[in-house]
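K.L.:
predicted model and sequence below, questions to follow.
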Protein chains: 2
Amino acid sequence: MNTAAPLRSRKAQIDRVATSLFRARGFAATSMRELATELGLEAGSLYSHIKSKEEILHRVCFGLAEEFFAAFAAATADTTAPIATQLRLAIEGHVRVLTRDSAASTVFLQEWRHLSEPARTDFLALRDRYEAAFRALVQQGIAAGELHAPDAAFVALTLLASLNWLPAWYRPDGKLTPDEIAHRLAEQLLGGLLVKD
Amino acid sequence: MNTAAPLRSRKAQIDRVATSLFRARGFAATSMRELATELGLEAGSLYSHIKSKEEILHRVCFGLAEEFFAAFAAATADTTAPIATQLRLAIEGHVRVLTRDSAASTVFLQEWRHLSEPARTDFLALRDRYEAAFRALVQQGIAAGELHAPDAAFVALTLLASLNWLPAWYRPDGKLTPDEIAHRLAEQLLGGLLVKD
DNA sequence: TATGCTTGCTAACGCTCGTTAGCAAGAAAA
DNA sequence: TTTTCTTGCTAACGAGCGTTAGCAAGCATA
């Protein structure tokens, strides 16, 4: 009956506000008191909902990792499709995850180093696995004669690089929709790679 | 006569070590005591050479900005050259600055937000000017019919994005030299943009 | 009514932070 | 020799940090 009832749990609310602060100021430069103020409560009260500051970061980083893997799996589910198509879908899926929550994406991309061990090592292993999956797809594409490039690793790296800069400039209220951005990026990045008919 | 004499001034030495710490841990998470220890002295002693922690960050960020502008100016000095050539030179110049000191580059790209006003605003203005220069070059290329792309701003953004991820994975002892990387990046990124003969 | 969960408060803990004051030794310049 | 610059130390400052203990109000469930 309360119209001001939280749409999400308090914990999820904390995560959301913390994520946007982490994006704006960085994890280390964001204080729990600042976060509490932003939520309209006292610093100590946060600990009724969370265990530690790092726990928030952990949830954001690993949560997003899961989303990236899910998007990639969906894009490459149809193994009978041409590699170029799978790659295009993977790019578009990656962009969709990035734009769905660009604050969380920025934290995922930039703030993971503030994870302490062993989470940090685990995270890097996940990131490496993801990059390797992209690399393997490019490799297959080259082997199948669909792509031409001297070095699959190099291509995969610059591909992800172009994509991962997106949260730095993407604005949800910009003139391009996430799907348009995704499509255009895929177009432009694959343009130089596809074997011309 | 002293073989252990500092190759650079103490101040420059502090800048260098601080830059590498800023890269590894981030500006906010790097303490002056940590920096001092790394240099083999006490925290208070740093202040015989520098005015503040932020002063170091300021010098790194604005110093690198200058290098980027210089490289761009050199690449586009010959205004009679085809735009595609100028763009290729600008890309290679950008990459050369990035690889010459990848620690400083990372700080330049990631840690500028810890500058306080008005330096922060000044810095962003410089960055915008640089991006605008790249954008203008792409625009000219499209107008001259040398490049085909639907949106110069989009192209410039993704171009710089691919390049700026470089410090994240570049290793000076890797198998590719900076010049090879520069050349290959220019090739790959322009591949999809150049109008085919 | 009783129980327990959610939510939040106040007050404080031990610690680290960036920075400063004051002093001193050695080298270089006068 | 005197002066000045460079370099570094110790000790301490005030402030902010993440986190905890203990308590309490309100609500949902039993």
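P.N.:
On my side now, so go ahead. Please read these numbers as outputs of a predicted model, since none were measured by experiment. Numbers count the residues shown, from 1 in each chain, chains lettered A, B, ... in the order given.
K.L.:
could you check the pLDDT of residue A:166?
P.N.:
pLDDT, residue A:166: 89.
K.L.:
over to the one 5 residues further on?
P.N.:
The confidence metric pLDDT takes the value 89 at residue A:171.
K.L.:
again with residue A:192
P.N.:
Residue A:192 is assigned 60 on the pLDDT scale.
K.L.:
with residue A:158 instead?
P.N.:
84.
K.L.:
residue contacts, the one residue sitting closest to the centre of chain A?
P.N.:
Centrality entry for chain A: nearest residue to the mean C-alpha point is residue A:105, 4.2 Å, by C-alpha atoms, centre = their mean. Neighbour list for residue A:105: A:64, A:97, A:98, A:99, A:166, A:167 [criterion: C-beta atoms under 8 Å, 6 or more residues apart in numbering or on different chains]. For every residue, glycine as well, the C-beta is placed using N, CA and C.
K.L.:
most surrounded residue in those?
P.N.:
The most crowded member of the contacts of residue A:105, judged by other C-beta atoms under 10 Å in any protein chain shown, is residue A:98 (27 neighbours).
K.L.:
which of the three states applies to it?
P.N.:
State at residue A:98, reduced to three classes by DSSP: H, G, I helix; E, B strand; the rest coil: helix.
K.L.:
can you pull the phi/psi pair for the closest residue to it other than its chain neighbours?
P.N.:
Distances taken as C-beta to C-beta, 6 or more residues apart in numbering or on different chains put residue A:105 closest to residue A:98, at 4.7 Å, once the chain neighbours are dropped. In terms of degrees, to the nearest 10, the main-chain angles of residue A:105 are phi -60, psi -40.
K.L.:
do you know how far residue A:105 is from residue A:97?
P.N.:
7 Å (C-beta to C-beta, to the nearest Å).
K.L.:
then residue A:83?
P.N.:
21 Å.
K.L.:
what do you get for residue A:144?
P.N.:
26 Å.
K.L.:
just residue A:36 next, same as before
P.N.:
29 Å.
K.L.:
now do residue A:67
P.N.:
In terms of C-beta to C-beta, residue A:67 sits 5 Å off from residue A:97.
K.L.:
hmm, the stretch of helix or strand residue A:135 belongs to touching DNA strand D?
P.N.:
Using DSSP states H and E, residue A:135 falls within helix A:119-143. No - using C-beta under 7 Å from any atom of the strand, helix A:119-143 never reaches DNA strand D; the gap is at least 13.1 Å.
K.L.:
and the next helix-or-strand element following that helix, what does it pack onto?
P.N.:
Heading C-terminal from helix A:119-143, the first helix or strand you meet, by DSSP H and E, is helix A:152-164. Contact partners of helix A:152-164 among helices and strands, from 3 or more C-beta pairs under 8 Å, 6 or more residues apart in numbering or on different chains; DSSP states H and E: helix A:83-100, helix A:119-143, helix A:178-191, helix B:152-164, helix B:166-169, helix B:178-191.
K.L.:
10 Å - rerun?
P.N.:
helix A:83-100, helix A:102-110, helix A:119-143, helix A:178-191, helix B:152-164, helix B:166-169, helix B:178-191 (3 or more C-beta pairs under 10 Å, 6 or more residues apart in numbering or on different chains; DSSP states H and E).
K.L.:
can you name the two of the contacts of residue A:105 that are farthest apart?
P.N.:
A:64 and A:166 (13.6 Å; C-beta to C-beta).
K.L.:
what residues are shared contacts of these two?
P.N.:
Common neighbours of residue A:64 and residue A:166, using C-beta atoms under 10 Å, 6 or more residues apart in numbering or on different chains, are A:98, A:105, A:109.
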